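Engineer: Just the structure for this:
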Amino acid sequence: MKTALSPCPNDTFLFHAWIEGVVGQELPIVPSFADIQQLNLWALQATYPLIKLSFPCFSKVVEKYQLLPIGSALGFHCGPKIVAKKLFPLNELSQKKVAIPGKETTAHFLMERLLGSHKAKRFCLYHEVFSLIEKGEVDCGLIIHESRFTFQEAGCVEIVDLGELWHRQTHLPLPLGGLAIARSLPDATKAKVIDILHASLASARTLPNRCISFILKHSQEKDRDIVKKHIDLYVNQETEHLSEKGIESIEQLLDHKLPKDWLYGKNV
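Structural biologist: The predicted model follows:
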């Protein structure tokens, strides 16, 4: 199974046992790792039958993909943060140049939705945000993934957590990304992928120390404690199986513009 995923700890934690052949030997995986913006571009081109992608991007490819009920990252009272070298009032954001980790990302989509359109943008890879702020090439930046745990070490302060803003407005978790599978695959294959991912996740939870070196190898952040915090935050019950509240949050984020069968198994 050709699969594209991010190198972030929540993804590598989920996929480790499958990639290493501990589970899923009957359906070997061929993984490709890429930054979330590249994953979104691959999804737009339908390059991989199984792919991690941002939810706003999913809405653009839903005719070719369905979302799996396993593998999603939803934040509770947390999400992408806007950070800067110095504090400034949020109402001044429109006057600032912002580093954004990818045009198709949930972070960009959410900033525009919650805070209005901004003309002064600098699109980049997520691990380049701090460097752009430090060099003074931007006034502030949107951070995602493990960066939420390291922005203070990078000499930055938090302006706003978009996940908290989202929760205040909706009282729902914030959908960040999920696993999409090609509609063209047989239902038996889709069901098998779900079973393997459940087994892979169970393996990681039962023996977390077995996958830590694999996770650190791929992660931008090499501190074990930070990696663990990231996993604890974003590998939750919604990752194992989307709840009704999780489903509602995705539909609300995407303005209920999804077909009835957008989630595999929802109406089966």
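Engineer: Residues in contact with stretch 231-245: which ones?
Structural biologist: Applying C-beta atoms under 8 Å, 6 or more residues apart in numbering, the contact partners of stretch 231-245 are 9-10, 13-14, 69-76, 78, 172-173, 176, 198, 201, 215, 246, 250, 263. Any C-beta I mention is one placed from the backbone N, CA and C, and that applies to glycine too.
Engineer: Can you give me the distance of Pro173 to Glu248?
Structural biologist: Counting by C-beta to C-beta, to the nearest Å, the separation of Pro173 from Glu248 is 9 Å.
Engineer: Those two: which is more packed in?
Structural biologist: Pro173 (25 against 16; other C-beta atoms under 10 Å).
Engineer: Was I right to think that one contacts Phe76?
Structural biologist: Yes - counting by C-beta atoms under 8 Å, Phe76 is a contact partner of Pro173 at 5.1 Å.
Engineer: and the next element down the chain from the least confident helix or strand in the chain by mean pLDDT?
Structural biologist: The weakest-scoring helix or strand in the chain, judged by mean pLDDT, DSSP states H and E, is helix 224-234 (a mean of 89). Per DSSP states H and E, the first helix or strand lying C-terminal to helix 224-234 is helix 237-240.
Engineer: Show me which positions of that next one end up buried.
Structural biologist: Glu238, Thr239, Glu240 (16 or more other C-beta atoms under 10 Å).
Engineer: quick one: the strands in this protein?
Structural biologist: With DSSP state E as the criterion, the chain has strands at 2-5, 30-33, 50-54, 65-67, 73-75, 81-84, 98-100, 121-123, 140-143, 157-161, 174-182.
Engineer: Quick one: closest of those to Ile19.
Structural biologist: Closest to Ile19 of the strands of the chain, according to C-beta to C-beta: strand 30-33, at 5.4 Å.
Engineer: Can I get that closest one in PDB, CA atoms only?
Structural biologist: Output of strand 30-33 as PDB, limited to C-alpha atoms (Å, rounded to 0.1, in the frame of the first residue of the first chain):
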ATOM      1  CA  VAL A  30       5.400   1.600   1.100                       C
ATOM      2  CA  PRO A  31       5.700   4.900   3.000                       C
ATOM      3  CA  SER A  32       6.700   8.300   1.700                       C
ATOM      4  CA  PHE A  33       7.300  11.100   4.200                       C
END
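Engineer: pLDDT below threshold where in the stretch 151-268 of the chain?
Structural biologist: Along the stretch 151-268 of the chain, segments meeting pLDDT under 70 span 267-268.
Engineer: hmm, try it at 80
Structural biologist: Along the stretch 151-268 of the chain, the model assigns pLDDT under 80 to residues 221, 266-268.
Engineer: Would you mind grabbing the residues shared as contacts by Pro173 and Phe76?
Structural biologist: His167.
Engineer: from the buried residues of helix 237-240, which is closest to Ser59?
Structural biologist: Using C-beta to C-beta, Glu238 is the member of those that sits closest to Ser59, with 18.4 Å.
Engineer: Was I right to think Leu90 contacts Leu162?
Structural biologist: No - Leu90 lies out of contact with Leu162 (C-beta under 8 Å); the separation is 10.9 Å.
Engineer: list the contacts for Trp18?
Structural biologist: Applying C-beta under 8 Å, 6+ apart, the residues contacting Trp18 are Gly24, Ile29, Ile196, Leu197, Ala199, Ser200.
Engineer: Can you read off the pLDDT for it?
Structural biologist: As predicted, Trp18 sits at a pLDDT of 98.
Engineer: quick revisit: select from the contacts of Trp18 every entry located in helices.
Structural biologist: Ile196, Leu197, Ala199, Ser200 (DSSP state H).
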